[in-house]
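Trainee: Task: produce atomic coordinates for the following.
(chains A and B)
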Protein chains: 2
Amino acid sequence: MKVVIIGGVAAGSKVAAKTRRLLPESQIDIYTKDSHVAYSTCGLPYYIGGDFDNWQKLVVRTKEEFEKSNITIHLFNEAIKILPKRKEIIIKDTLTGKTKTDTYDKLVIATGSSPIQNDGYNKKTNLFTLKTLEDGIAIKNKMMTSRNIVLLGGGYINIELMEAFVKNNKNVVLIESSKYILPKLDEEISELVYEYITKNSKGLVKIITNDFVEEFVGKNEIAGIFTNKGLGIEADMVVSALGSIPNVDIAKEAGIEIGITGAIKVNSRMETNIPDIYACGDCAEKFHIVSQLPVWIPLGSTANKEGRIAAVNLCGGNEDFEGVYGSTVTRYFDLNISKTGLTEKMAKSLGIDVISITVTKKDKAGYMPDSSNMTFKLIADKRSHKIIGAQAIGCGEANKKVDNITVGLENNITIHDLINIDLTYSPPFASSVDIIHTAAMKLQEKLLKS
Amino acid sequence: MKVVIIGGVAAGSKVAAKTRRLLPESQIDIYTKDSHVAYSTCGLPYYIGGDFDNWQKLVVRTKEEFEKSNITIHLFNEAIKILPKRKEIIIKDTLTGKTKTDTYDKLVIATGSSPIQNDGYNKKTNLFTLKTLEDGIAIKNKMMTSRNIVLLGGGYINIELMEAFVKNNKNVVLIESSKYILPKLDEEISELVYEYITKNSKGLVKIITNDFVEEFVGKNEIAGIFTNKGLGIEADMVVSALGSIPNVDIAKEAGIEIGITGAIKVNSRMETNIPDIYACGDCAEKFHIVSQLPVWIPLGSTANKEGRIAAVNLCGGNEDFEGVYGSTVTRYFDLNISKTGLTEKMAKSLGIDVISITVTKKDKAGYMPDSSNMTFKLIADKRSHKIIGAQAIGCGEANKKVDNITVGLENNITIHDLINIDLTYSPPFASSVDIIHTAAMKLQEKLLKS
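Mentor: Got it, this is the predicted structure:
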């Protein structure tokens, strides 16, 4: 059997590795326009910040290591066309410009996603997006000689880059077009993140919301920007992280169905509508288990799971990927920011009758010297009392609490189930009445009063 | 209504506080032979170690603060008899020796537990147990002038005290009669704790297993001990933590039913067999939700929950305490040691057909400078595939993983449910394939092969 995989970062490399284990005799080829396979894009902000110095550490498995397992890696080889009827793909060597054709028995599309870029972005030498290893290396190099950095967009990537830049004593201005940063969180949680950043950034950070870049000043190299509201900001470099889009052109052109989110539609076996063609990772649409709706939440952890499922099924097995909860975590220095399930505003927009509570208390026994405040928001369906989401921020591991709720979501946990649940307690780790207990009790009280 | 509570540490003080909120007009009295109420015994090892200097920090609420809420605290007042038919109790003032009688409408027994003491223990001036605030203060004071300390028993308390003593550069010898320390964990997990202690104690610690103290050398003050196997060990002080027993004498004598574990039998409303008498906290028996058997696992976090439930019910409400999972966490310096549900050996002893897996991997992305190994054991019922327990140790927050499993236990989570569960991922917090995923996948594979 001949398995061809387009793309080799998280999902693609996982498909290859798992397929090799399941079918030792199969032929496996990865085509990628990239310079590397199997690297951690999520780790790039920490490389840039200097948590570690060697970008090679981000490479989980090299081309050479794959080839020892008889998996052929074609770097700088971009797949440009799929011919499903002939079971062929056309590939262009991006170094020589030459094209060639390869055949497949099973094809896996793992083309990933790309950062949104405004017109003319690539004409500026000091305007960056962060996606590939090269992007990360280029941003780090430019940062070294920069003093003033502008970040466009207030999502996770730019919060992580802000930490990296502040760690290196750069002046940072972040511009977010929404009313608040991290707009995927509920506003009051995001507001607390804003406050933390303001107080814990050595005075180096300025955050501008409700505004966006209108004009770049400077010809090839940006010297500064003007915002829509007319603010002028000096910049030695600009990083744009305004969201991303799934890479679906090659799939679309081949007649593969695209979902309402714009990503490739797949079933729970990671199959597309065309036989023997699978899609997984950032290019594929996901299913949100709480809302029961298609969503597009591109994450490395999901790509890994989907890659494994695609491999199992294309090798003749039968496993399903049930979907995601929209669980995320990031940090800004010591502040841990995490969510799962639906936010309150998302739930309301879906017409769910929501009840929620937000609690702030110490993350461990108050007398422990490193105890600090954690804020935890618990969201439930008012009619069924089922938990539908949670958000947490704090200097302890707030995502610990969020992960607990995710496991609860898996089995429709209710407010009542959480009130007395036997979570581990010891003074260095938690409060004897855990923040989850407190939130569940207060939510129960609120429910009784409502 | 007149509510009388015997005992005022975790459960007793919780009953009082919650009753006051629910019934503002009630009369509430706490009788305790202790010198303080509402303090954290779990925090004593950290006070002794020097994590903080002021033992007053352990007092959650003082007598004076309670009295501001019109809750009367009778310190140094030991309840010596309950007369259920007359709804009276007899109390002895331990300072004056005088006795008096009080009446109640609702009585709550929260007498706690006591450390097991061998004969003649209290004849030795430098032999300690750790239960009350005074015990903690006395141990800290004696430690200051001691060089060599012997710990009897290898359970949680002594592991925590070992950290405290090593932090203060004391030589510590711990003697455990079982084959291994922390005998409530499975042996291979405990073995890893042993290895960690051996390597991370500045050469100050010696652990002796399969042996026990045979003889104390010295008349009033112990100068050393001889073990059963004939080892002689110098000691400036000895702390004994060989387990504890529930304080049930007063209940037993009053005709209150004692369960098979030796603790006071209660239903899920925390009611004893005698009307209007409740029991909660360490003196009460608990119900283990996984084994569906009565157990006695005395913990401050459980005492808090039971105290709240008892208060709600005695005030005319209706809430149930469903039981415990045996969830615990402790630490030895950076090592976090945690469990929930049944251990493999406990499950086997109950006749459950068990399948388990133990996985070791990095607790966060391997390239993050503070990543370190975590070991996670996942235990399931071979027939139903239901998860029945987990254990974790590591320098990251191992109890995060264990708490996730506890929430799963609440709703009968299966091996399959855990394989693709959407736990939060970001390089500083987890591996993109979480240790829970890896364990669940390997357990699934093992199941298919078995």
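
Trainee: Quick check: residues of the stretch 151-300 of chain A near chain B?
Mentor: On the criterion CB under 8 Å from any CB of the partner chain, chain B has as its neighbours in the stretch 151-300 of chain A the residues A:289, A:299-300. Using the backbone N, CA and C atoms, a C-beta is placed for each residue, glycine as well.

Trainee: which one of the residues you listed is nearest chain B?
Mentor: Top of the list for closeness to chain B, among these and by CB to the nearest CB, is A:Gly300 at 5.0 Å.

Trainee: number of nearby residues for the closest one?
Mentor: Here the neighbour count serves as a burial measure; for A:Gly300 (other CB atoms under 10 Å in any protein chain shown) it reads 21.

Trainee: same thing with A:Ser244?
Mentor: For A:Ser244, the tally of surrounding residues (other CB under 10 Å) stands at 20.

Trainee: And the one 10 residues further on, by the same measure?
Mentor: Taking other CB under 10 Å as the criterion, the count of residues near A:Ala254 is 18.

Trainee: next one: A:Lys202
Mentor: Residue crowding around A:Lys202 was assessed by other CB under 10 Å; the count is 8.

Trainee: my read: it touches A:Lys167, true?
Mentor: No - with contact taken as CB atoms under 8 Å, A:Lys202 and A:Lys167 are classed as non-touching, separated by 9.6 Å.

Trainee: Please report the distance of A:Ile250 from A:Ile80.
Mentor: If you measure A:Ile250 against A:Ile80 using CB to CB, to the nearest Å, the figure is 7 Å.

Trainee: I should have written A:Lys442 there, sorry.
Mentor: Using CB to CB, which is the criterion applied here, A:Lys442 is 57 Å from A:Ile80.

Trainee: just to revisit the earlier point, who has more neighbours out of A:Ile250 and A:Ile80?
Mentor: More crowded of A:Ile250 and A:Ile80, by other CB under 10 Å: A:Ile250, with 20 against 15.

Trainee: which one is the residue nearest to the spatial centre of chain A nearest to, not counting chain neighbours?
Mentor: Central residue check for chain A by CA atoms, centre = their mean: the C-alpha nearest the mean position is that of A:Leu299, 3.7 Å away. Of all residues not flanking A:Leu299 in the chain, B:Tyr425 sits nearest, at 6.7 Å (CB to CB, 6 or more residues apart in numbering or on different chains).

Trainee: what's the answer for A:Val217, then?
Mentor: Computed as CB to CB, 6+ apart, the closest residue to A:Val217 that is not its neighbour in sequence is A:Gly224, at 4.4 Å.

Trainee: Check A:Ile260 too.
Mentor: For A:Ile260, the nearest residue in space outside its immediate sequence neighbours is A:Pro294; the separation is 5.9 Å by CB to CB, 6+ apart.

Trainee: Can you name the helix or strand that the one you found falls in?
Mentor: A:Pro294 belongs to strand A:293-295 when assigned by DSSP states H and E.

Trainee: Return the set of buried residues in that strand.
Mentor: A:294-295 (16 or more other CB atoms under 10 Å in any protein chain shown).

Trainee: per-residue pLDDT, A:Gln117?
Mentor: According to the predicted model, the pLDDT of A:Gln117 comes to 84.

Trainee: From chain B, how far out is the closest residue to it other than its chain neighbours?
Mentor: Distances taken as CB to CB, 6+ apart place A:Thr129 nearest to A:Gln117, at 6.4 Å, with adjacent residues excluded. Per CB to the nearest CB, to the nearest Å, A:Thr129 is found 19 Å from chain B.

Trainee: count of neighbours near A:Thr129?
Mentor: In terms of burial, A:Thr129 registers 22 neighbours under the definition other CB under 10 Å.

Trainee: got the contact list for it?
Mentor: Residues near A:Thr129 by CB atoms under 8 Å, 6 or more residues apart in numbering or on different chains: A:115, A:117, A:121, A:135, A:239-241.

Trainee: residue contacts, the closest residue to A:Ser268 other than its chain neighbours?
Mentor: For A:Ser268, ignoring the flanking residues on the chain, the nearest one in space by CB to CB, 6+ apart is A:Asp320 at 4.0 Å. Residues counted as contacts of A:Asp320 (CB under 8 Å, 6+ apart) are A:268-269, A:309.

Trainee: on that earlier part again, out of the contacts of A:Thr129, which comes closest to chain B?
Mentor: Within these, proximity to chain B (CB to the nearest CB) peaks at A:Ala241, which comes in at 15.2 Å.

Trainee: Could you double-check that the closest one sits in contact with A:Ile159?
Mentor: No - applying CB under 8 Å, one finds A:Ala241 not in contact with A:Ile159, separated by 9.3 Å.

Trainee: Now do the helices in the stretch 351-450 of chain A.
Mentor: Secondary structure of the stretch 351-450 of chain A (DSSP state H, counting those that start in this stretch): helices at A:398-410, A:415-419, A:435-449.

Trainee: then stretch A:139-154 to CSV, C-alphas only?
Mentor: The C-alpha coordinates for stretch A:139-154 follow below in CSV (Å, rounded to 0.1, in the frame of the first residue of the first chain):
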residue,chain,number,x,y,z
ILE,A,139,11.4,37.2,14.3
LYS,A,140,14.0,36.3,16.9
ASN,A,141,16.8,37.7,14.8
LYS,A,142,15.0,40.9,14.1
MET,A,143,13.9,41.3,17.7
MET,A,144,17.6,41.3,18.8
THR,A,145,18.2,44.6,17.0
SER,A,146,14.8,46.1,17.6
ARG,A,147,13.7,48.5,20.4
ASN,A,148,10.0,49.1,19.6
ILE,A,149,7.7,46.4,18.5
VAL,A,150,4.1,46.6,17.3
LEU,A,151,1.9,43.5,17.6
LEU,A,152,-1.3,43.4,15.5
GLY,A,153,-4.0,41.3,17.1
GLY,A,154,-4.6,40.4,20.7
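
Trainee: quick one: the residue nearest to A:Ile175 when sequence neighbours are not counted and chain B, what's the gap?
Mentor: Leaving aside its sequence neighbours, A:Ile175 sits nearest to A:Ile208 (CB to CB, 6+ apart; 4.8 Å). As judged by CB to the nearest CB, A:Ile208 and chain B stand 25 Å apart.
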